[in-house]
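**Student:** Here is my input; please provide its structure:
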Amino acid sequence: MLDFIYYPVSAILWFWHKAFGSVLGPDNGFAWALAVVFLVCTLRVLLLKPAIKQVRTTRQMQELQPQIKALQKKYAGDRQRQATEMQKLQKEHGFNPLMGCLPALVQAPVFLGLYHVLRSFNRTGTGLGNLGMTPEADANTPNYVFSAADVQSFLSARLFGAPISVAVTSPQSTLASFAPYGGVPTVATIAAVAIPLMVLASLATHFNARASVKRQSAEAAANPQSAIMNKLMLWVFPLGVLVGGPFLMIAILLYWVSNNIWTYGQQHLVFTRIDREEAAKQREVAEQRVITAPKPGARPATRPKPAQQKRKRRK
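**Tutor:** Below you'll find the predicted structure:
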């Protein structure tokens, strides 16, 4: 049903695996790990322009908050009129609220698509969910754009001894099915790779939230709803990564870490660029005021009153 997501995601992952596999070897765990990381990079580059628009939209929303609150107060008893006036305000300022959530809306299905594609490697390669078929026979089953040889390569790939398609909480039956692909991994080996990634993902989530909160206006931060959301982003969401991390396969944790690190760097660069643009506009406005301001000692130019204009015409 979601093949329109699964095939493009698997195609990008396939491309980067072939690129890194040609250098490191197709069964190398780092080749597959880098393929996941560069899948993130590819997606985020494609979403860079909407992401910049998202930041501008967020700032514009903060600037319009006083006017929005005034409209809400003025038309508190008339929801329809309030919505109409809101639309007028948004249209006057070229403001589109949907741009504020577009990158997140696009990333969510990609994350789900990657999760499905990676789990499909296990289902096709280890016999999970394919009752009556042996792992050896199942390893000859392609997975979207990946051939049977690619499936076997993925299952053989190890990152510091841990298969990248398993999680800390993977059942022993799942771990035992990796015996034909380099031996049965231990929970300790998997945890040694997964836990540092979980900690990194949690810290990256926290610092991304801290950077966003820091950029909020004083009025927005003082809003009770914003204060609750800020606490959720700063503490609850990072804690959720630690709690949910043991249930995520190592490849998904790599995606999570890479995505958050990219977000942190992108926020810094985008905000710096926008701050520079706004500073340049403020300087331009200040310079224009200096140019149009009357010189010291000179009277400011004033337009003659209508009565004076009439007297001049009579003379």
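**Student:** quick one, helices of the stretch 51-200 of the chain?
**Tutor:** Here the stretch 51-200 of the chain has its helices, by DSSP state H, counting those that start in this stretch, at 79-92, 102-126, 135-138, 148-156, 172-176, 187-214.
**Student:** average pLDDT across the shortest one?
**Tutor:** What it means is helix 135-138. Taken as a whole, helix 135-138 carries a mean pLDDT of 45.
**Student:** Run a quick neighbour tally on residue 188.
**Tutor:** Counted with other CB atoms under 10 Å, the neighbours of residue 188 add up to 10. For every residue, glycine as well, the C-beta is placed using N, CA and C.
**Student:** Report the separation between it and residue 5.
**Tutor:** Per CB to CB, to the nearest Å, residue 188 is found 35 Å from residue 5.
**Student:** Nearest to residue 279, out of the helices of the stretch 51-200 of the chain?
**Tutor:** Closest to residue 279 of the helices of the stretch 51-200 of the chain is helix 187-214 (CB to CB; 17.8 Å).
**Student:** Mind listing what's buried along the closest one?
**Tutor:** Buried positions in helix 187-214, judged by neighbour count with 16 or more other CB atoms under 10 Å: 189-191, 193-194, 197-198, 200-209, 212-213.
**Student:** Also stretch 262-273?
**Tutor:** 262, 263, 264, 266, 267, 270, 271.
**Student:** starting at the chain centroid, how far to that stretch?
**Tutor:** Relative to its chain's centre, stretch 262-273 lies at 12 Å (CA atoms, centre = their mean, to the nearest Å).
**Student:** how about low-confidence regions in the stretch 201-315 of the chain?
**Tutor:** Regions of the stretch 201-315 of the chain meeting the criterion pLDDT under 70 cover residues 217-223, 293-315.
**Student:** all helices of it, in order?
**Tutor:** Applying DSSP H, counting those that start in this stretch to the stretch 201-315 of the chain gives helices spanning 218-222, 224-231, 237-244, 250-292, 306-314.
**Student:** These: which one's closest to residue 14?
**Tutor:** That would be helix 250-292 among the helices of the stretch 201-315 of the chain, by CB to CB, at 14.0 Å.
**Student:** Does anything pack onto the closest one? Which helices or strands?
**Tutor:** helix 29-46, helix 48-74, helix 102-126, helix 187-214 (3 or more CB pairs under 8 Å, 6 or more residues apart in numbering; DSSP states H and E).
**Student:** closest to residue 19 out of these?
**Tutor:** Once the helices and strands packed on helix 250-292 are compared by CB to CB, helix 29-46 is nearest, at 7.8 Å.
**Student:** Next, the buried residues of that closest one.
**Tutor:** So helix 29-46, judged by 16+ other CB under 10 Å, has buried residues 29-40, 43-44.
**Student:** quick check: angle from that helix to helix 102-126?
**Tutor:** If you take axes from the mean of the first three to the mean of the last three CA atoms, to 10 degrees, helix 29-46 sits at 150 degrees to helix 102-126.
**Student:** export helix 29-46 as PDB, just CAs?
**Tutor:** The C-alpha trace of helix 29-46 is given here as PDB (Å, rounded to 0.1, in the frame of the first residue of the first chain):
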ATOM      1  CA  GLY A  29      29.000  -3.100   8.400                       C
ATOM      2  CA  PHE A  30      30.400   0.400   8.000                       C
ATOM      3  CA  ALA A  31      29.300   0.400   4.300                       C
ATOM      4  CA  TRP A  32      25.700  -0.300   5.400                       C
ATOM      5  CA  ALA A  33      25.900   2.200   8.300                       C
ATOM      6  CA  LEU A  34      27.200   5.000   6.000                       C
ATOM      7  CA  ALA A  35      24.400   4.100   3.500                       C
ATOM      8  CA  VAL A  36      21.900   4.800   6.300                       C
ATOM      9  CA  VAL A  37      23.700   8.000   7.300                       C
ATOM     10  CA  PHE A  38      23.800   9.300   3.700                       C
ATOM     11  CA  LEU A  39      20.100   8.400   3.200                       C
ATOM     12  CA  VAL A  40      19.500  11.000   6.000                       C
ATOM     13  CA  CYS A  41      21.800  13.500   4.200                       C
ATOM     14  CA  THR A  42      20.000  13.000   0.900                       C
ATOM     15  CA  LEU A  43      16.600  13.500   2.400                       C
ATOM     16  CA  ARG A  44      17.700  16.600   4.400                       C
ATOM     17  CA  VAL A  45      19.400  18.200   1.400                       C
ATOM     18  CA  LEU A  46      16.100  17.800  -0.600                       C
END
